[in-house]
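A.B. asks: Need the 3D shape of this:
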Amino acid sequence: MPSFDVTVEGKTYHVEVPDPGACPLRVIVDGQPFAVAIEGGDARAQPEQLAAPQMAFALQVASALSAASAPPPLPRPSPAYTSRPPAPPAKDGHGEVRAPMPGTILSVNVSAGQAVKAADTLCVLEAMKMKNPIRATGAGTVAEIAVSAGQNVTYHQLLIKID
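C.D. replies: Down below sits the predicted model:
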């Protein structure tokens with residue numbers, strides 16, 4: 001299968017041509033398939049009759065289409081979202097452990113009255129299909145567990161108190 005690297009407006013695209021004799025010409029630009037009509041000359045030309053300039057033109061058109069079909073950039077977060085204060089860290093294991101992000105509690109790995117040391121996993125929070133261990137920042141005793149497995153939590157919600 002013929003393949004090319006085509007540069008359009010300073011951006012390089014990898015273009016594959018599975019069947020140079022197809023009508024319309026089908027090309028794959030950076031993994032995206034496109035149908036390209038070649039204007040001028042015989043559009044039903046056999047592969048050996050397809051002139052190199054026509055092929056180059058078709059590839060540039062496909063590259064431009066690929067650039068034009070790129071998804072728009074994501075909107076910037078609103079000031080209210082970005083101005084949230086970060087969760088205060090617990091000092092020497094003492095204080096409140098809060099959710100660093102919204103998600104679902106998968107498991108609670110400690111119980112009230114249990115002694116914990118720094119880096120012990122207190123619970124596991126799933127957010128965007130990722131499992132995030134919530135760890136103790138220092139030694140202490142679990143005073144209160146404010147969540148249970150399967151519970152949805154919001155940003156900065158109290159999870160566990162450590163004395």
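
A.B. asks: so residue 160 is in which element?
C.D. replies: Secondary structure assignment for residue 160, by DSSP states H and E: strand 158-162.

A.B. asks: That strand pairs with which strands?
C.D. replies: According to DSSP bridges, strand 158-162 forms sheet pairs with strand 95-98 (antiparallel), strand 140-145 (antiparallel).

A.B. asks: Show residues contacting that strand.
C.D. replies: With contact meaning Cβ atoms under 8 Å, 6 or more residues apart in numbering, strand 158-162 is reached by 90, 93-99, 105, 110, 116, 122-123, 125, 134, 136, 140-147, 153. Using the backbone N, CA and C atoms, a C-beta is placed for each residue, glycine as well.

A.B. asks: Filter the residues you listed down to the buried ones.
C.D. replies: Buried members of the contacts of strand 158-162, scored by 16 or more other Cβ atoms under 10 Å, are 90, 93, 95-99, 105, 110, 116, 122-123, 125, 134, 136, 140, 142, 145, 147, 153.
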